[in-house]
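# Quick one, what's the 3D model for this:
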Amino acid sequence: MPAVTVENLLNLPRVTVPAGAGERAVRTVTTAPSGFEGEGFPVRRAFAGIDYDDLDPFVLMDQMGEVEYAPGEAKGTPWHPHRGFETVTYIIDGIFDHQDTHGGGGRITNGDTQWMTAGSGLLHIEAPPESLVMSGGLFHGIQLWVNLPAQDKMMTPRYQDIRGGTVKLLSTPDGGALLRVIAGDLDGHQGPGITHTPITMVHATLRPGAQLRLAWRQDFNCLLYVLGGHGSVGADRHPVHTGRTAVFGAGSALTVRADEKQDSRAPDLDVLLLGGLPIREPLAHYGPFVMNTRDELERAFEDYRKGRLGVVPAVHGMSRDGL
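Below you'll find the model as predicted:
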């Protein structure tokens with residue numbers, strides 16, 4: 001699980017926790033069911049079974065892979081619409097190409113993130129490049145949906161290309177954990193992602209036996225998803241492993257520990273930490289649209305059917321029949 005790494009973590013800025021910070025207790029731990037998305041690539045549904053009040057402002061998250069494709073097996077998603085939220089695609093291993101009908105897109109690979117604000121609506125496609133399809137290879141990533149408040153749901157779409165080399169890298173005081181801040185603020189260190197809804201997104205890697213204690217904004221919620229490995233969370237040391245999501249309660253700090261022994265397939269504990277300022281607005285979510293009311297959902301589907309969300313570029317040799 002390479003993403004972005006460094007040889008000497010002790011050369012990085014260190015995170016600190018203020019004395020007396022209140023520890024966040026673990027409220028629930030759930031296990032993500034497995035499924036398939038797009039043209040048939042395997043995913044884990046990270047937020048399945050978690051109440052939206054605990055997720056807000058996040059809507060859903062899929063762990064894509066980790067899968068080793070044989071030649072000819074790599075898959076993606078065909079052209080499809082979105083409106084009313086942001087999609088965040090973070091590639092840990094492998095390569096993905098993106099294009100949307102608002103002019104955004106590019107190729108992302110190990111440690112890169114594409115941040116697409118769908119806003120008023122567009123069509124987009126995500127697929128492995130032909131070279132990966134032909135050769136096969138490892139593919140592993142995350143797609144996260146971040147809700148937009150009502151006042152921003154119909155904003156002009158926007159695309160951010162966040163290269164792995166631009167993320168803010170931090171370490172724990174003893175050098176036992178590497179933190180990659182993709183978006184938001186962590187202990188005064190800012191990630192490169194520009195968000196409409198205030199959030200923090202961090203990929204942390206803990207060496208066997210390491211402990212990570214972080215200060216966390218009290219007005220944010222807090223979620224932890226295990227990308228790989230074994231460990232525990234919270235003062236009560238709730239056990240977690242690959243595919244589990246922990247929901248934390250109120251407080252201003254959190255604790256994560258890596259087990260002393262890890263599997264050969266996942267030699268470290270890798271977790272994704274998410275926090276955001278809850279929007280606290282009605283949610284109407286169906287398929288590719290995230291709105292506030294059923295009427296707005298129906299309008300989104302009508303606009304899509306009438307071609308108001310964009311037209312698939314002819315250069316791809318694709319038609320709308322593939323949606």
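# contacts and neighbour counts: CA atoms only from here.
Noted.
# now what about stretch 285-300, what contacts it?
80-85, 147, 150, 153, 281-284 (Cα atoms under 8 Å, 6 or more residues apart in numbering).
# Can you select the buried ones from the residues you listed in PyMOL?
In PyMOL syntax, the buried subset of the contacts of stretch 285-300 is picked out as below (16 or more other Cα atoms under 10 Å):
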select buried, resi 80+81+82+83+84+85+147+150+153+283
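# Can you lay out the contacts of stretch 285-300 as CSV showing pLDDT and secondary structure?
As requested, those are exported to CSV (pLDDT from 0 to 100; DSSP: H, G, I helix; E, B strand; the rest coil):
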residue, pLDDT, secondary structure
His80, 94, strand
Pro81, 96, strand
His82, 97, strand
Arg83, 98, strand
Gly84, 98, coil
Phe85, 98, strand
Asn147, 98, strand
Ala150, 98, helix
Lys153, 97, coil
Glu281, 97, coil
Pro282, 97, coil
Leu283, 97, coil
Ala284, 97, strand
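# Which member of the contacts of stretch 285-300 is positioned nearest Leu55?
The shortest gap between Leu55 and any of the contacts of stretch 285-300 belongs to Asn147, at 10.1 Å (Cα to Cα).
# So that closest one sits against Thr197, correct?
Yes: the pair Asn147 / Thr197 is scored as a contact, 7.4 Å apart, by Cα atoms under 8 Å.
# what is in contact with the two at once?
Common contacts of Asn147 and Thr197, defined by Cα under 8 Å, 6+ apart, comprise Pro57.
# residues near Glu7, how many?
6 (other Cα atoms under 10 Å).
# Gly188 now?
Using other Cα under 10 Å: Gly188 sits among 9 other residues.
# Verify the contact between Val29 and Thr245 for me.
Yes: under the criterion of Cα under 8 Å, Val29 makes contact with Thr245 at 5.5 Å.
# Looking at the two, which one has more neighbours?
Set side by side, Val29 and Thr245 show more neighbours around Thr245, with 26 against 20, by other Cα under 10 Å.
# give the contact list for that one.
With contacts defined as Cα under 8 Å, 6+ apart, Thr245 is in contact with 29-32, 46-47, 223-226.
# Among the contacts of stretch 285-300, give me the pair with the biggest separation.
By the measure Cα to Cα, His80 and Glu281 form the most distant pair in the contacts of stretch 285-300, at 25.6 Å.
# closest to Gly137 among the contacts of stretch 285-300?
Top of the list for closeness to Gly137, among the contacts of stretch 285-300 and by Cα to Cα, is His80 at 25.4 Å.
# Pretty sure that closest one sits against Gly121.
No: contact criterion Cα under 8 Å: His80 and Gly121 do not qualify, at 10.6 Å.
# Okay, helices next: where are they in the stretch 151-300 of the chain?
Secondary structure of the stretch 151-300 of the chain, counting by DSSP state H, counting those that start in this stretch: helices at 294-305.
# so where's the stretch 1-150 of the chain shaky on pLDDT?
For the stretch 1-150 of the chain, the stretches with pLDDT under 70 are 1-2, 38-40.
# Could you do the stretch 151-300 of the chain as well?
Across the stretch 151-300 of the chain (using pLDDT under 70), nothing gets flagged, so there are no ranges to list.
# same thing but 90
Scanning the stretch 151-300 of the chain for pLDDT under 90 picks out 196-197, 263-266.
# who touches His102 in this structure?
Each residue near His102 by Cα under 8 Å, 6+ apart is listed here: 122, 157-158, 310.
# how far away is it from Arg257?
Look at His102 and Arg257: by Cα to Cα, to the nearest Å, they are 43 Å apart.
# what do you get for Val6?
21 Å.
# higher neighbour count, the two?
The neighbour comparison of Val6 against Arg257 (other Cα under 10 Å) goes to Arg257, with 25 against 11.
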